[in-house]
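K.L.:
just to be clear, the model below is a prediction. Sequence and coordinates:
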Amino acid sequence: RGKSLTGNSLPGLSLGLRTHVQAGTLPKPTLLAEPGSVISEGSPVTLRCQGSLQVQEYRLYREKNPASWVRWIQQELVKKGYFPIASITSEHAGRYRCQYYSRNHSSELSDPLELVVTAYSKPTLSALPSPVVASGGNVTLQCDSQVAFDGFVLCKEGEDEHPQRLNCQSHAHGSSRAVFSVGPVSPSRRWSYRCYGYDSASPNVWSLPSDLLELLVPGQIRGRPFLSVQPGPKVASGENVSLLCQSSWQFHAFLLTQAGAADAHLHLRSMYKYPKYQAEFPMSPVTSAHAGTYRCYGSRSSNPYLLSVPSDPLELVVSGAAETFSPPQTKSDSKAASHSQDYTVENLIRMGVAGLILVVLGILLFEPQYSQRKKNAPFRVLGP
């Protein structure tokens, strides 16, 4: 026969989670966080405990540390099961449960709720080798940060499933990284993710979320786009290049990918130019980093994560290996270099003309002197 749990016996929910209540107690309530359980520091949040019967009293507990902030809440709100936090801090983070009382009977404890506060700078989330994943395929998601976190959490958007947690696999120069495996990917639902970093000393205080990463499933809608390049597939470093994705099928957007580059994908809304839908991807000026194999896909706004089959691959060749070691020129740099070359040519022409004039002047000055000497020279008589 288990011991009945009361507020006095749960100062901070320090008893084991397997503690049983007396037989015949009330069913457990539901504990919710509004607007969510992962809240950025300084934002408001309300914990709400919902019982199924006429409730006389609600109580909120936090594991390990008592929730001392609860005592400052107005009793009118507590009686209704509301526990508001006007401005959340790391002191509010933790694992919570709630309980209610009705007619001298206590309910079971609610399922635990993890209240997380986000405070550190956000990490970066990327898909390797690409966010475009075939149906049934697996993909690696890599979370990186310049902060030396102890672990990372990977959360799938729009689902209440338990997030994946991993300890960091590398610590180099104050940075941290974790690699998650996701799949098999299915076109029946969206696959959108964010990752967070955390320290083991405060596992409920996370970093800000990474930017949203959405996995894309190709070959799910009809139509194949065509990819072309202007001025051509072989260009010199520094030139202006545009990749044009076109289709006679109606697509609302086009996606351009570069093979082997996890984050080198661009999304553009399509425009209709009779007789085709198209999107132009400018690359100005190109460098050696732009060289590679490109493909484009079409998508529709109803399910933007579903893609068409890819276009035929297009190989972009960029000449000028020296460009690899120098930063790409801006338009102003390119213009300045062009002007510099023009000035060099002009100076060479001027020097050549000046030299020619000096030669002509020398001839003109030398000729009269030579004639005068010849005229005044005495005759020599040859012979005996």
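P.N.:
Cool, the structure landed. Numbers count the residues shown, from 1 in each chain.

K.L.:
ok, and the closest non-adjacent residue to Met271?
P.N.:
Using C-beta to C-beta, 6 or more residues apart in numbering and skipping residues adjacent in sequence, the residue nearest Met271 is Gln278, 6.2 Å away. All C-beta atoms are positioned from the backbone trio N, CA, C, and that covers glycine.

K.L.:
need the contact list for the one you found.
P.N.:
Applying C-beta atoms under 8 Å, 6 or more residues apart in numbering, we find Gln278 in contact with Leu244, Cys245, Gln246, Ser247, Phe254, Ser270, Met271, Tyr272.

K.L.:
any of those residues buried? List them.
P.N.:
Neighbour counting over the contacts of Gln278 (16 or more other C-beta atoms under 10 Å) leaves Leu244, Cys245, Gln246, Ser247, Phe254, Ser270 as the buried ones.

K.L.:
just these now: which is nearest Cys296?
P.N.:
Proximity of the buried ones among the contacts of Gln278 to Cys296 (C-beta to C-beta) peaks at Cys245, which lies at 3.8 Å.

K.L.:
contact partners for the spatially closest residue to that closest one that is not a sequence neighbour?
P.N.:
In space, and not counting its chain neighbours, Cys245 is closest to Cys296: 3.8 Å by C-beta to C-beta, 6+ apart. Counting by C-beta under 8 Å, 6+ apart, Cys296 touches Pro225, Leu227, Leu243, Cys245, Phe254, Leu255, Leu256, Thr257, Pro310, Ser311.

K.L.:
now, which of these lie within strands?
P.N.:
Leu227, Leu243, Cys245, Phe254, Leu255, Leu256, Thr257 (DSSP state E).

K.L.:
contact partners for the nearest residue to Lys156 once chain neighbours are set aside?
P.N.:
Leaving out its chain neighbours, the residue that sits closest to Lys156 by C-beta to C-beta, 6+ apart is Tyr193, at 5.8 Å. For Tyr193, the contacting residues are Leu125, Leu141, Leu154, Cys155, Lys156, Glu157, Val182, Leu212, Leu213, Glu214, Leu215, by C-beta under 8 Å, 6+ apart.

K.L.:
quick revisit: name every strand pairing with the helix or strand hosting the residue nearest to Met271 and say which way it goes.
P.N.:
Here Gln278, judged by DSSP states H and E, is contained in strand 276-283. Here strand 276-283 has these sheet partners by DSSP bridges: strand 241-247 (antiparallel), strand 271-273 (antiparallel).

K.L.:
distance from the chain centre to the helix or strand following it, please.
P.N.:
Downstream of strand 276-283, the first helix or strand assigned by DSSP H and E is strand 292-299. Counting by C-alpha atoms, centre = their mean, to the nearest Å, strand 292-299 is centred 19 Å from the centre of its parent chain.

K.L.:
thinking again about what came up before, who does the residue nearest to Lys156 bridge with?
P.N.:
Listed by DSSP bridges, the beta-bridge partners for Tyr193 are Lys156, Leu213.

K.L.:
distance of it relative to Ser210?
P.N.:
Counting by C-beta to C-beta, to the nearest Å, the separation of Tyr193 from Ser210 is 8 Å.

K.L.:
what's the local residue count around the nearest residue to Trp69 once chain neighbours are set aside?
P.N.:
Excluding the flanking residues, the one nearest Trp69 by C-beta to C-beta, 6+ apart is His92, at 6.4 Å. As a burial measure, His92 scores 21 neighbours (other C-beta atoms under 10 Å).

K.L.:
is it true that His92 touches Ile85?
P.N.:
Yes - under the criterion of C-beta atoms under 8 Å, His92 makes contact with Ile85 at 5.5 Å.

K.L.:
overlap of the contact sets of those two?
P.N.:
Any residue near both His92 and Ile85 by C-beta under 8 Å, 6+ apart counts here, and that gives Val45, Trp69.

K.L.:
just put the contacts of Cys296 in CSV and tack on distance to Ser135.
P.N.:
Converted to CSV, those look like this (distance: C-beta to C-beta, whole Å):
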residue, distance to Ser135
Pro225, 19
Leu227, 22
Leu243, 26
Cys245, 22
Phe254, 20
Leu255, 16
Leu256, 21
Thr257, 17
Pro310, 14
Ser311, 19
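
K.L.:
from the residues you listed, which two are the most distant?
P.N.:
Leu243 and Pro310 (13.5 Å).

K.L.:
who has more neighbours out of the two?
P.N.:
Ranked by neighbour count (other C-beta under 10 Å), Leu243 and Pro310 place Leu243 first, with 22 against 19.

K.L.:
what about the closest residue to the more buried one other than its chain neighbours, distance to Ser237?
P.N.:
Spatial nearest neighbour of Leu243, chain neighbours left out: Phe281 (4.4 Å); criterion: C-beta to C-beta, 6+ apart. For Phe281, the distance to Ser237 equals 18 Å [C-beta to C-beta].

K.L.:
what about stretch 43-50, distance to the chain center?
P.N.:
Worked out by C-alpha atoms, centre = their mean, stretch 43-50 lies 30 Å from the chain centre.

K.L.:
please apply the same query to stretch 51-59.
P.N.:
45 Å.

K.L.:
one step back: just put the strands paired with strand 276-283 in a markdown table and tack on mean pLDDT and distance to Ala201.
P.N.:
Output for the strands paired with strand 276-283, formatted as a markdown table (pLDDT from 0 to 100; distance: least, C-beta to C-beta, whole Å):
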| stretch | mean pLDDT | distance to Ala201 |
| --- | --- | --- |
| strand 241-247 | 97 | 49 |
| strand 271-273 | 94 | 52 |
